[in-house]
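>>> mind folding the following:
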Amino acid sequence: MPKLNNPMNIFRRHSRWRWGIAVLVVVVLGSWWWQGRGKSASKALTFAARRGPLEITVLEGGSLQALESQEIKCEVRGYQGTKILRIVEEGYLVTEEDVKTNKVLCELDSSELQKQMVQDEIQYQSALANLTDAEQNYEIQLGQNESDIKTAEQKTRFARMDFDKFLGDTLTPKIVAEVGLDLLIAAAMTNNVEETTHAEEVSTEKSPSPSVPAAPPGLVAPPPQAAAARSDMGGQVITLIASPPAPPAPRPSAPAVAPKPADSEAAQPPNRLIIDFSKYANIDVLGDGEAKQKLRKFEDDLQVTKKELEQAKTALDGTGRLFEKGFVPRTELVRDEISHESSRLKVQTAETAQELFLKYEFPKTAEEWLSKFADAVREQDKARRVAISKLAQARARLNSAKGLYEVQLRQRKDLNEQLAKCTLLAKKTGLVVYGSGRGDQMFYGNEEPVREGATVRERQAILTIPDMTRMSVNVKVPESYVKKVKKGLKARITVDAFPDEPLTGDITKVGVLPDSQNRWTSPDIKVYLTTITIDGSHEWVKPGMTAKVEIMVNKLEDVVYIPLQAVSPDNGKQVCYVAGGFKPERRELEVGEFTDEFIHVKHGVKEGERVLLRLPDGIEANRNGQEPKPAENRNEKPATPGTPAAAPATAAKT
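Just a heads-up that it's a prediction; the model follows:
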């Protein structure tokens, strides 16, 4: 038992041994713990924070397009579309020779148009024949109207000559003016029917008021008394009644009647006007005419018979005195008595004949010639109106034929144009591309890709010939970067097919609104179409090629930056984890601008410190689904970053 207690005693007696054993135990335990932690830390990727220039870029992919191009569309109308019968191969190079020879690039089906043209040709020829017939009928109607008007004018002129012949040309104008025939004659003579081309001329004679008829063009409106005598207005007639001389009484004005069709004139009650010709039965009043000549003859005959009666009476008185004295026989007395009686009877006969002429024959004949003249004037006015009506009908038929002919002519021209549009010719040199030439072209409904046998609708792009000298790249910039992208910024372009041929360009267009096509495919993602014009001309650049565009937004000088995936959101703050010590250190950061790979760190990390590219084990990020944004000041933190990008090639293990 004492032997066993010797080591313990020795340990108690020697303190150096005691401290040496304790240190050895601690070293063994620490080494074991450090080796276990090192194996876990060696699995985490880290990145050493760098200081230097940082280019802020936006990297997006797109396709090459020509800035200017000739887009050949289908211009053939039709609801069901038109089939492509023949089309050149895509990629065909149109040369100057093709343009000069009008090479056919595409031919569309025109069979339906040709059928329509056959039917339209028949209708066109029929319309042309109808137009020719209407033109000839119009010319014939013009000649017929001229003949009818001249015949009516001649009849009126002859009737007026007969009237003047009977009463004398010095008296008849007064009577004609009294009954209002002068205005009717003027109305009939002032209308040139030969130049009448529209039926609206008839409307110029309509009454503007219910009391007085409208005057014809170029004439003063007649007074109510004269208007009552116009036989053409409302079926008025003139009645001439002979009566003994009487004091002139005021003539009542006949009410004006609105014009009505000719077939209803007979049903109109006539307005009567009394003409007293007895006041004109005077040689001093009458003009040099038949009436004056007859009155003069009756007066002469009466004077002769009266003188013969005086002579017979003187002879009878002398014979009576001689017979009383017995100087003459009774037979002579009887003879003178018979002669006296005969002379007296002749005087009575002459007086009776004169009275009968003045009372009956004179007014009757005057009324007869005036009526014939009035009838002739009415016939002339009727002929004028009928001529206007027939000419209006002929003009209407001519206009209708012209309208139908013009419709058929336009339709024929339109069909010819449609037929010509079925053949698409080369008008510009360049490379042939099917459709609109856009890489994101989509087909809706029953639309088919452009090929032989496919059906294309109206206004659908069939071919596009781009201008290869000016090319561009169209990219879709996400909404989070659209504020950075501005017109005029420089860009680096890398074509996938030629990665060793870098290109440069400028932004020439930035979309104002989000892309409408992207709304259907990805409604939650808003992108803006952006056009980058490529500098210079390159033969190997072709439309439709895929390219990557790196837009140079800004360049920061001498800044600290770390990979974007090293930053994670945590309760509204941007944090990262710095490797060192026994465990990673959590750092709150103030960040600035960022790219798809790196982010500018204003405060929180120093140059050379190694940051973890992912969260340490056992720590979860409190993400809000937003990407980091530059802070405006030191107290303002950027938004939480989004999905981390791929780890950069410079990342290394600790």
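
>>> helix or strand for Leu105, which one?
When secondary structure is defined using DSSP states H and E, the element that contains Leu105 is strand 104-108.

>>> so what touches that strand?
When contacts are taken as C-beta atoms under 8 Å, 6 or more residues apart in numbering, the neighbours of strand 104-108 outside the stretch itself are 72, 74, 76, 82-88, 94, 421-426, 432, 456, 462-463. (Glycine included, C-beta is placed from N, CA and C.)

>>> in ChimeraX, how would I select the buried members of those residues?
Here is the ChimeraX command that selects the buried residues among these (16 or more other C-beta atoms under 10 Å):
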select :72,74,76,82,84,87,88,94,421,422,424,426,432,456,462,463
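
>>> chain center to stretch 487-507: distance?
The chain centre lies 47 Å from the centre of stretch 487-507; the measure is C-alpha atoms, centre = their mean, to the nearest Å.

>>> identify each buried residue in that stretch, please.
Taking 16+ other C-beta under 10 Å as the basis for neighbour counts, the residues of stretch 487-507 that come out buried are Leu489, Ala491, Arg492, Ile493, Thr494, Val495, Leu503, Gly505, Ile507.

>>> and the fifth one, what does it touch?
By C-beta under 8 Å, 6+ apart, Thr494 lies in contact with Pro502, Leu503, Ala547, Lys548, Glu550.

>>> for the residue nearest the centre of the chain, give its distance to Asp120.
Centrality entry for the chain: nearest residue to the mean C-alpha point is Arg410, 17.1 Å, by C-alpha atoms, centre = their mean. If you measure Arg410 against Asp120 using C-beta to C-beta, to the nearest Å, the figure is 11 Å.

>>> okay, helices next: where are they in the stretch 451-600 of the chain?
Under the criterion DSSP state H, counting those that start in this stretch, helices of the stretch 451-600 of the chain are mapped to 516-521.

>>> oh, I was asking about the chain
Here the chain has its helices, by DSSP state H, at 5-13, 15-41, 96-100, 111-167, 172-179, 181-190, 224-228, 290-325, 330-356, 362-420, 516-521.

>>> which stretches of the stretch 501-650 of the chain form strands?
With strands called from DSSP state E, counting those that start in this stretch, the stretch 501-650 of the chain shows them at 527-534, 546-563, 568-570, 573-578, 585-594, 598-603, 610-612.

>>> Serialize the ones you listed to JSON lines and add fields for distance to Leu131, mean neighbour count and mean pLDDT.
Output for those, formatted as JSON lines (distance: least, C-beta to C-beta, whole Å; neighbours: other C-beta atoms under 10 Å; pLDDT from 0 to 100):
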{"stretch": "strand 527-534", "distance to Leu131": "56", "mean neighbour count": "21", "mean pLDDT": "91"}
{"stretch": "strand 546-563", "distance to Leu131": "63", "mean neighbour count": "18", "mean pLDDT": "90"}
{"stretch": "strand 568-570", "distance to Leu131": "84", "mean neighbour count": "21", "mean pLDDT": "88"}
{"stretch": "strand 573-578", "distance to Leu131": "86", "mean neighbour count": "22", "mean pLDDT": "91"}
{"stretch": "strand 585-594", "distance to Leu131": "78", "mean neighbour count": "19", "mean pLDDT": "89"}
{"stretch": "strand 598-603", "distance to Leu131": "82", "mean neighbour count": "21", "mean pLDDT": "91"}
{"stretch": "strand 610-612", "distance to Leu131": "92", "mean neighbour count": "23", "mean pLDDT": "91"}
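
>>> nearest to Val512, of those?
The stretch from these with the least distance to Val512 (C-beta to C-beta) is strand 527-534; that distance is 8.0 Å.

>>> by how many degrees do that closest one and strand 546-563 diverge?
Going by axes from the mean of the first three to the mean of the last three C-alpha atoms, to 10 degrees, strand 527-534 is angled at 110 degrees with respect to strand 546-563.

>>> so which elements touch strand 527-534?
Using 3 or more C-beta pairs under 8 Å, 6 or more residues apart in numbering; DSSP states H and E as the contact criterion, the elements in contact with strand 527-534 are strand 50-66, strand 471-478, strand 490-495, strand 498-510.

>>> got the buried residues for the second one?
With burial defined by 16+ other C-beta under 10 Å, the residues of strand 471-478 counted as buried are Met471, Ser472, Val473, Asn474, Val475, Lys476, Val477.

>>> test my guess that the second one contacts Thr533.
The one in question is Ser472. Yes - because the distance of 4.9 Å satisfies C-beta atoms under 8 Å, Ser472 is recorded as touching Thr533.

>>> overlap in contacts, the two.
Overlap of the contact sets of Ser472 and Thr533 (by C-beta under 8 Å, 6+ apart) consists of Leu67, Gly505, Thr508.

>>> now those residues as JSON lines including distance to Val567 and pLDDT?
Conversion of the shared contacts of Ser472 and Thr533 to JSON lines gives the following (distance: C-beta to C-beta, whole Å; pLDDT from 0 to 100):
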{"residue": "Leu67", "distance to Val567": "39", "pLDDT": "85"}
{"residue": "Gly505", "distance to Val567": "31", "pLDDT": "93"}
{"residue": "Thr508", "distance to Val567": "34", "pLDDT": "91"}
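
>>> identify, from those, the entry nearest to Phe47.
Within the shared contacts of Ser472 and Thr533, proximity to Phe47 (C-beta to C-beta) peaks at Gly505, which comes in at 31.8 Å.

>>> tell me the bridge partners for that closest one.
For Gly505, the beta-bridge assignment (DSSP bridges) gives partners Ala491, Ile534.

>>> that one: what's it in contact with?
By C-beta under 8 Å, 6+ apart, the residues touching Gly505 are Ser472, Val473, Lys490, Ala491, Ile493, Ile532, Thr533, Ile534, Asp535, Val549.

>>> can you put the strands of the stretch 501-650 of the chain in JSON lines and add distance to Ala127?
Compiled in JSON lines, those are given as follows (distance: least, C-beta to C-beta, whole Å):
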{"stretch": "strand 527-534", "distance to Ala127": "52"}
{"stretch": "strand 546-563", "distance to Ala127": "59"}
{"stretch": "strand 568-570", "distance to Ala127": "80"}
{"stretch": "strand 573-578", "distance to Ala127": "82"}
{"stretch": "strand 585-594", "distance to Ala127": "75"}
{"stretch": "strand 598-603", "distance to Ala127": "79"}
{"stretch": "strand 610-612", "distance to Ala127": "88"}
